[in-house]
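In: The sequence and its predicted three-dimensional model are supplied below.
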Amino acid sequence: MVKMKLREEIEHYHSYEELTRILQAFEKEYPLLCRLDSIGRTLKNRDIYMMEVTNSGSGRPEDKPAYYAEACTHAEEFCGANVALRLIWDLVSGYGRQAEVTELLDHVVFYIVPQVNPDGVETVMTTGHIGVCNGRYPVEERQPLPGLVPQDINGDHIVAQMRIPDPDGEWKISDKDPRLMVLRKPYELSGSFYRMYPEGIIRGDVDGFEVPKPKDVNLNRNYPANWLPEGLQYGACELPLSEPETRAVAEFIDSHPNIAGVCSYHTNARAIMRPFGGKGDEHFKGADLALYSALGAMGTEELGYELMSTYNDFTPDKSRVRGGTLMDWTFEDLGIPSFMLELWNVYDAAGTRRPEEFHFAAKSEEKDLAVLRWADENLGEKAYLPWKKVEHPQSGEVEVGGWNWLWVERNPPESYLGNMSGHASAYTIKLAMTLPRLKFQRCELTKLGDGLYKLTAVVRNAGYLPTYLTSQAETMKKAPPVSLRLSAVKGSYETMCCTHPEDIGHLEGRFGRDAEWSRDRAEWRPVERRAEWVIRTGSPELELELTASAPRCGSVSKRMMIEMRKEGNYVF
Ligand SMILES: [Zn+2]
């Protein structure tokens with residue numbers, strides 16, 4: 001009963017308190033699979049929750065390769081939390097019922113952060129405030145300069161738009177729908193025109209209202225890779241990792257070297273974003289671009305979203321590139337295959353082609369009409385607010401109305417959450433299925449003489465990704481090789497000689513062999529390697545433990561029991 005209630009919660013938006021209760025309920029209902037933790041606290045003293053999901057009975061989480069998924073870095077993009085909840089649900093409800101999910105949770109651990117930025121989400125959900133903010137600047141103090149400060153002035157907890165008649169205005173009422181405002185044509189001289197502003201108050205004595213950018217924190221510009229100062233990058237803050245949320249995420253990822261995949265849920269471009277943020281594809285090393293294409297194609301198949309380069313396809317002005325994003329930090333500095341999943345696009349939902357440059361470009365009347373028709377059917381009055389006369393505290397009578405941006409463009413209606421989160425969760429699970437997976441292919445003990453044995457072990461990577469993950473990781477020296485460790489659990493032995501005393505190098509995954517062998521392609525690296533020891537023991541019974549591990553792959557162990565009086569060889 002409680003479990004079915006949890007399933008229903010995924011398709012509703014939640015406050016921080018409700019989300020806390022849901023996460024606690026997951027942990028209570030699925031104690032063997034879920035462990036709820038906090039990776040840090042925000043400026044407003046909220047926990048940044050992290051749900052660890054794995055089969056706790058099949059080894060320690062830190063010994064398993066890990067997939068890190070997070071949502072709600074940006075305050076406005078709160079529907080990402082629903083994807084995180086759906087991911088938790090799909091994993092825990094699939095365990096024991098679906099063979100692939102069961103197998104996955106036996107060998108892999110998920111670290112899922114449903115809200116990186118709970119302060120920001122709570123602010124926008126409760127006040128209608130627009131921004132990607134965290135808790136650094138209180139809404140009322142964000143605007144240090146004179147000008148128009150966006151905020152709710154008619155008490156409906158929505159920051160919509162204001163229109164003010166002006167013969168020199170840029171906007172006019174659409175002929176096709178009297179609610180809709182459309183841009184005045186460059187050649188139009190006569191008619192009724194308006195200025196359009198965000199709904200807000202005016203600070204200072206300002207004519208022709210400037211709308212300066214308020215002080216804001218953009219957590220996805222605050223990571224250390226390619227960080228740019230505030231003057232070049234709005235919201236970057238004074239120093240990388242200056243914010244408690246980014247510091248908590250960075251410290252968590254840094255202290256979990258088993259993390260081998262990263263996905264961050266954002267909105268609203270309906271795209272699978274890949275690196276780089278600030279440079280072209282010629283900077284990819286080895287086969288990394290091909291790897292991104294292969295992993296991205298899985299997402300296109302699952303979600304119908306295109307794979308895009310943040311720099312090539314999502315940066316209209318190449319002189320103003322993004323820096324300091326989580327994806328660039330985890331890929332460029334750490335070499336982890338990392339994606340940003342941009343969920344939802346209202347133009348696609350409305351069946352019209354979305355503007356090429358998303359919200360940077362002025363919309364067309366035809367596209368906006370399509371969205372308006374869709375919004376009327378799916379959201380009713382909540383989507384496009386009727387224009388109503390309001391006595392503005394500074395400028396007298398104005399009209400407030402128009403798009404409810406947060407609930408139309410930035411986040412889908414609740415009725416869309418099930419389908420969207422289902423596909424996004426399925427894609428994340430598929431990404432986790434590609435992680436490198438160490439296993440012992442063969443272990444043999446050959447008796448050479450009294451108390452003298454040769455141990456032969458073959459270690460294989462059964463995963464799709466190689467044990468070094470990416471060429472970027474090798475370049476950044478973030479991909480230590482696979483190492484082997486032999487020890488005695490019972491009895492004792494001495495090593496007479498061995499090959500590969502500590503590390504056996506890297507093991508290729510299936511990705512490295514994604515086409516038939518050809519002398520024109522890169523040479524194949526091995527998928528398995530052999531190591532040998534000659535050991536001498538005087539113990540009547542000797543139990544050995546052999547462990548293979550690599551930081552990004554976790555570790556696997558094999559126990560071997562030998563009895564000196566027994567003749568013959570052992571195969572484990
Ligand atoms: Zn975002």
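Out: Thanks, I have it. Residues are numbered from 1 along each chain as shown.

In: Thought Ile259 was touching Glu62, still the case?
Out: No. At 10.4 Å, Glu62 and Ile259 do not qualify as touching, with contact defined as C-beta atoms under 8 Å. Bear in mind the C-beta positions are built from the backbone N, C-alpha and C, glycine included.

In: Tell me which of those two has more neighbours.
Out: Ile259 (23 against 13; other C-beta atoms under 10 Å).

In: now the more buried one, which residues is it bridged with?
Out: Ala66 (DSSP bridges).

In: For it, which residues are in contact?
Out: Residues in contact with Ile259 (C-beta atoms under 8 Å, 6 or more residues apart in numbering) are 66-68, 111, 253, 336, 552.

In: now with 10 Å?
Out: Contacts for Ile259 (C-beta atoms under 10 Å, 6 or more residues apart in numbering) come out as 65-68, 109, 111, 252-253, 330, 334, 336, 338, 435, 551-552.

In: Specify the local secondary structure of Glu342.
Out: With DSSP: H, G, I helix; E, B strand; the rest coil as the basis, Glu342 sits in strand.

In: ok, now Leu465?
Out: coil.

In: quick one: it from Ile112, how far?
Out: 20 Å (C-beta to C-beta, to the nearest Å).

In: quick one, which of these two is more surrounded?
Out: Comparing Leu465 with Ile112 by other C-beta under 10 Å, the one with more neighbours is Leu465, at 27 against 24.

In: got a pLDDT number for the more buried one?
Out: On pLDDT, Leu465 comes in at 98.

In: cool, Ala362 as well?
Out: 62.

In: same deal with the one 10 residues further on?
Out: The predicted local confidence for Leu372 comes out at a pLDDT of 94.

In: how many neighbours does it have?
Out: So Leu372, with other C-beta under 10 Å, has 20 neighbours.

In: Spit out the contact partners of it.
Out: Taking C-beta under 10 Å, 6+ apart, one finds 174, 176-177, 179-180, 350, 383-384, 403, 408 in contact with Leu372.

In: three-state assignment of it?
Out: helix.

In: buried sites along the lengthiest helix in the chain?
Out: Assignment by DSSP state H gives helix 414-433 as the longest helix of the chain. Within helix 414-433, the residues that count as buried by 16 or more other C-beta atoms under 10 Å are 416-417, 420-433.

In: Can you list the low-confidence ranges for this structure?
Out: 1, 140, 355-362, 501 (pLDDT under 70).

In: List the residues that contact the residue nearest to Pro386 when sequence neighbours are not counted.
Out: Nearest residue to Pro386 in three dimensions, chain neighbours excluded: Gly401, at 5.4 Å (C-beta to C-beta, 6 or more residues apart in numbering). Contacts for Gly401 (C-beta under 10 Å, 6+ apart) come out as 154, 158, 160-163, 179, 181, 199, 384-390.

In: Assign Gly401 to helix, strand or coil.
Out: Of the three states, Gly401 takes strand according to three-state DSSP.

In: ranges for the strands of the stretch 451-572 of the chain?
Out: 452-461, 482-490, 494-498, 503-505, 528-536, 541-550, 554-563, 570-571 (DSSP state E, counting those that start in this stretch).

In: likewise the stretch 1-150 of the chain?
Out: 34-41, 47-53, 66-71, 109-113, 147-150.

In: Sheet partners, orientation included, of the second one?
Out: Spelled out, that is strand 47-53. strand 34-41 (antiparallel), strand 109-113 (antiparallel).

In: among those strands, which is nearest Tyr194?
Out: strand 109-113 (42.9 Å; C-beta to C-beta).

In: gap between that closest one and the chain center?
Out: 11 Å (C-alpha atoms, centre = their mean, to the nearest Å).

In: can you list the residues of this structure near the ion?
Out: 74, 77, 266 (C-beta under 5 Å from the ion).

In: Could I get the contacting residues of the nearest residue to Cys79 once chain neighbours are set aside?
Out: Spatially, and ignoring its direct neighbours in sequence, Cys79 is nearest to Asn411 (4.4 Å; C-beta to C-beta, 6+ apart). For Asn411, the contact set (C-beta under 10 Å, 6+ apart) comprises 13, 76-80, 82, 124-125, 267-268, 343-344, 346, 405, 417.

In: Ile130 too?
Out: 75-76, 124, 150-151, 158-160, 198-200, 214, 405-406, 410.

In: again with Leu32
Out: So Leu32 contacts 54-58, 92, 95-96, 105 (C-beta under 10 Å, 6+ apart).

In: Just give the nearest non-adjacent residue to the residue in the chain sticking out farthest from the centre, would you?
Out: Each residue of the chain has a distance to the centre, and by C-alpha atoms, centre = their mean the biggest one is for Asp450: 56.8 Å. Excluding the flanking residues, the one nearest Asp450 by C-beta to C-beta, 6+ apart is Met564, at 7.5 Å.

In: And Ala236, by the same measure?
Out: Closest to Ala236 by C-beta to C-beta, 6+ apart is Arg221, at 4.3 Å.

In: give me phi/psi at the one you found?
Out: Backbone geometry at Arg221, expressed as degrees, to the nearest 10, gives phi -130, psi 10.

In: was I right about it contacting Tyr234?
Out: Yes. Using C-beta atoms under 10 Å, Arg221 is in contact with Tyr234, at 7.6 Å.

In: higher neighbour count, the two?
Out: Remark: of Arg221 and Tyr234, Arg221 carries more neighbours, 25 against 15, as counted by other C-beta under 10 Å.

In: can you tell me the helix or strand for the residue nearest to the spatial centre of the chain?
Out: Nearest to the mean C-alpha position of the chain, counting by C-alpha atoms, centre = their mean, stands Ser264 at 1.2 Å. Here Ser264, judged by DSSP states H and E, is contained in strand 259-267.

In: Now do the contacts for the closest residue to Val139 other than its chain neighbours.
Out: Closest residue to Val139 apart from its sequence neighbours, by C-beta to C-beta, 6+ apart: His129 at 5.2 Å. Contacts for His129 (C-beta under 10 Å, 6+ apart) come out as 75-76, 120, 123, 139-140, 142, 150-152, 157-159, 214, 406.

In: for the strand ranked longest in the chain, the distance to its chain's centre please.
Out: Longest strand in the chain by number of residues (criterion: DSSP state E): strand 438-449. In terms of C-alpha atoms, centre = their mean, the centre of strand 438-449 is found 41 Å from the chain centre.

In: before we move on, what about stretch 307-317?
Out: 18 Å.

In: What residues sit buried inside it?
Out: Quick answer for stretch 307-317 (16+ other C-beta under 10 Å): 307-311, 314-315.

In: Adding secondary structure, write those residues out as TSV.
Out: Below are the buried residues of stretch 307-317 laid out as TSV (three-state DSSP):
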residue	secondary structure
Leu307	strand
Met308	strand
Ser309	strand
Thr310	helix
Tyr311	helix
Phe314	helix
Thr315	coil
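
In: can you put the strands paired with strand 47-53 in CSV and add distance to Thr495?
Out: Shown next, in CSV, are the strands paired with strand 47-53 (distance: least, C-beta to C-beta, whole Å):
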stretch, distance to Thr495
strand 34-41, 38
strand 109-113, 33
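
In: tell me the most buried of those?
Out: Comparing the strands paired with strand 47-53 by mean neighbour count (mean count of other C-beta atoms under 10 Å), strand 109-113 ranks first with a mean of 25.

In: relative orientation of it and helix 414-433 in degrees?
Out: Put simply, strand 109-113 runs at 140 degrees to helix 414-433, going by axes from the mean of the first three to the mean of the last three C-alpha atoms, to 10 degrees.

In: could you check the angle strand 66-71 makes with strand 109-113?
Out: 20 degrees.

In: Tell me where this structure has helices.
Out: Under DSSP H, the chain gives helices at 2-9, 16-29, 80-94, 99-107, 118-127, 244-254, 288-303, 310-314, 326-328, 346-349, 365-378, 405, 414-433, 471-475.
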